[in-house]
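*Asks:* prediction below, plus the sequence it came from.
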Amino acid sequence: MEQIILGVHLLVALAIIGLILLQQGKGAEMGASFGAGGSQTLFGSDGGGSVLTKATAGLVALFFASSFSLAVLINQKAAIVDDLDLAIPAAVEVKPAAVDEELPVLDAASPAAKGTAGDDVPSLD
């Protein structure tokens, strides 16, 4: 159902764009191809503005209805996902393994702590 409404929604959107592009400005005439406003014109003596405006208004109403129905469908889908009634397990805290021995510490008097001639880093004595 959602796919059908989405397809109709896209077609209506394209039709609205087409109708808006067909319409002329407020002071412009329809032109020679539509009879230039005479009584023997394609849309009658009033011109095509009224017909195109009414068609655009109808398509906009249909676009709004399809947008609203898509929003309702998506909201129902989200509500179904939230109602799964699954128990969420409690978070398990992982502690690091306990070390029985202390870490070795360099003695200040040892040659490794002061630096030797074989080291790459010189000492600042």
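*Replies:* That came through fine.
*Asks:* flag every buried residue along stretch 51-70.
*Replies:* Within stretch 51-70, the residues scored as buried using 16 or more other Cβ atoms under 10 Å are 52, 55-56, 59, 62-63, 66, 69. Every residue, glycine included, has its C-beta placed from N, CA and C.
*Asks:* what does stretch 9-19 give?
*Replies:* Within stretch 9-19, judged by 16+ other Cβ under 10 Å, the buried ones are 9, 12, 15-16, 19.
*Asks:* just the ones of these in helices?
*Replies:* Applying DSSP state H to the buried residues of stretch 9-19, the entries found in helices are 9, 12, 15-16, 19.
*Asks:* ok, of those, which one's closest to S123?
*Replies:* Closest approach between these and S123, by Cβ to Cβ: H9, at 76.3 Å.
*Asks:* can I assume the closest one is in contact with S66?
*Replies:* Yes - between H9 and S66 there is a contact at 4.1 Å, judged by Cβ atoms under 8 Å.
*Asks:* residue contacts, T56?
*Replies:* 16, 19-20, 23 (Cβ atoms under 8 Å, 6 or more residues apart in numbering).
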